[in-house]
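Asker: Sequence first, then the predicted structure:
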Amino acid sequence: MPPAPTPPARFAAAARLVPANMGLPVSDGAVIPARRWPATAPEHAILLAYHGFNDSRDAWESAAPFFTQHGVTVIAPDQRGFGQAPMRGGWAGVPRMLADMRDEIAQIRAAHPNTPLYLAGESMGGALLMLLMAQPDAPHVAGTILLAPAVWNLGVGADVPLRVVATLFPKNLVTGRELPVHVVASDNMAALIRLYYDPLTLRATRLEALRGLVGLMKQAGQAAPALHGKVLCVYGDQDQLVPPEAMAHIWQTMPSTVRRDLIPGGHHLLLRDRNGQMVMTDMVGWMINPETWLPSGGDFTASAWAALGQGQTQWGKNGVPLFLPAQLDGVVSP
């Protein structure tokens with residue numbers, strides 16, 4: 001993996017490495033590093049929070065103080081292959097990643113049997129939680145929050161070439177510069193600077209990991225109808241990584257009990273946007289009073305968005321191919 005870049009002096013704080021303050025042992029003997037932010041108000045819930053692709057436990061550091069002030073303890077582990085977890089830069093596979101989640105959930109429930117446990121996942125973390133909570137033996141938790149879950153069937157135009165190249169050159173790296181598109185993940189420049197200079201962030205992706213992510217996105221979409229338990233799914237109408245046709249399809253196929261929350265102006269990294277507190281307020285409001293309307297009015301907005309036919313293009317048909325023949329020379333080493 002490429003080393004972390006050296007920031008200019010004015011961004012030195014963005015490159016800080018915050019040590020994990022807890023470890024979560026899992027069934028294969030590994031210990032998953034995590035950050036824990038204890039509730040500063042009387043504790044009434046625990047939020048086990050999962051980050052997205054190439055991110056780390058630090059994804060939750062800017063949002064955690066809001067939750068702790070509202071009586072919610074936040075525990076954010078690195079996921080296998082990311083942050084400081086084992087196999088950094090590799091792809092452990094969905095079964096292993098789900099097994100880690102199960103072990104972490106069981107451990108926290110055993111340590112806090114009388115405190116409601118909620119799960120939250122951003123992007124890749126949300127896709128993994130969709131698969132976990134769609135299984136017949138899904139863990140019993142108080143609720144699951146999906147933040148812009150990574151659900152997108154890219155279609156054979158991207159899937160087949162990626163599978164071929166990743167099979168031949170699984171360890172080769174891509175950085176995103178190879179793609180003819182530029183996406184904005186958040187409107188909060190300070191958050192993006194922290195993400196870029198954080199030593200735990202992965203700045204390149206092995207083809208085997210990219211292939212794994214693409215497969216996960218497709219599996220998560222297929223699992224949507226089978227979700228168990230209470231679920232809140234949040235999406236921003238300015239998300240440039242999960243397109244509206246993908247989310248519209250998922251919202252149509254999810255059980256009717258799933259609460260849909262649309263954030264106007266929201267980007268993919270919803271909690272790190274400048275209006276991220278709107279999302280946090282909805283999350284806490286739903287956790288405390290799941291039967292009432294969301295504070296932002298996002299459930300009304302989601303209904304209007306659907307009624308206006310937003311994202312009605314068939315799922316996968318507007319997928320941007322990740323690899324085109326002209327780009328492969330830049331991906332594969334000579």
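Answerer: Good, I have the coordinates.

Asker: quick one: contacts for Val72?
Answerer: Counting by CB atoms under 8 Å, 6 or more residues apart in numbering, Val72 touches 39, 43-47, 118, 284, 287. C-beta: built from backbone N, CA, C; applies to glycine.

Asker: would TSV of those with neighbour count, distance to Trp91 and pLDDT be doable?
Answerer: TSV is the format used below for those (neighbours: other CB atoms under 10 Å; distance: CB to CB, whole Å; pLDDT from 0 to 100):
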residue	neighbour count	distance to Trp91	pLDDT
Ala39	19	34	97
Glu43	15	35	96
His44	14	37	95
Ala45	21	32	98
Ile46	25	28	98
Leu47	27	26	98
Tyr118	21	27	98
Val284	19	33	98
Met287	23	32	97
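
Asker: Secondary structure and distance to Ala12 added to those, as JSON lines?
Answerer: Below are these laid out as JSON lines (DSSP: H, G, I helix; E, B strand; the rest coil; distance: CB to CB, whole Å):
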{"residue": "Ala39", "secondary structure": "coil", "distance to Ala12": "31"}
{"residue": "Glu43", "secondary structure": "coil", "distance to Ala12": "34"}
{"residue": "His44", "secondary structure": "coil", "distance to Ala12": "37"}
{"residue": "Ala45", "secondary structure": "strand", "distance to Ala12": "35"}
{"residue": "Ile46", "secondary structure": "strand", "distance to Ala12": "33"}
{"residue": "Leu47", "secondary structure": "strand", "distance to Ala12": "30"}
{"residue": "Tyr118", "secondary structure": "strand", "distance to Ala12": "35"}
{"residue": "Val284", "secondary structure": "helix", "distance to Ala12": "33"}
{"residue": "Met287", "secondary structure": "helix", "distance to Ala12": "36"}
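
Asker: What is the nearest of these to Ile108?
Answerer: Ile46 (6.3 Å; CB to CB).

Asker: so what's that closest one bridging to?
Answerer: Thr73, Leu117 (DSSP bridges).

Asker: Can you give me the neighbour number for the nearest residue to Asp261 once chain neighbours are set aside?
Answerer: Spatial nearest neighbour of Asp261, chain neighbours left out: Gly298 (3.7 Å); criterion: CB to CB, 6 or more residues apart in numbering. Gly298 is flanked by 27 other residues according to other CB atoms under 10 Å.

Asker: can you check Met217 too?
Answerer: 22.

Asker: Same check on Pro3?
Answerer: 7.

Asker: Can you show me the strands along the chain?
Answerer: All strands of the chain, identified by DSSP state E, fall at 22-25, 31-37, 45-50, 72-77, 117-122, 143-147, 173-174, 205-206, 231-236, 259-263.

Asker: Check the offset of the fourth one from the chain's centre.
Answerer: Read it as strand 72-77. Strand 72-77 sits 15 Å away from the centroid of its parent chain (CA atoms, centre = their mean, to the nearest Å).

Asker: ok so, going back, quick one: residues contacting the residue nearest to Asp261.
Answerer: 234, 260-263, 282.

Asker: Please convert the residues you listed to JSON lines, extending it with distance to Leu128, neighbour count and pLDDT.
Answerer: Below are the contacts of Gly298 laid out as JSON lines (distance: CB to CB, whole Å; neighbours: other CB atoms under 10 Å; pLDDT from 0 to 100):
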{"residue": "Val234", "distance to Leu128": "16", "neighbour count": "29", "pLDDT": "98"}
{"residue": "Arg260", "distance to Leu128": "20", "neighbour count": "21", "pLDDT": "97"}
{"residue": "Asp261", "distance to Leu128": "20", "neighbour count": "27", "pLDDT": "97"}
{"residue": "Leu262", "distance to Leu128": "22", "neighbour count": "25", "pLDDT": "97"}
{"residue": "Ile263", "distance to Leu128": "22", "neighbour count": "25", "pLDDT": "96"}
{"residue": "Asp282", "distance to Leu128": "22", "neighbour count": "24", "pLDDT": "98"}
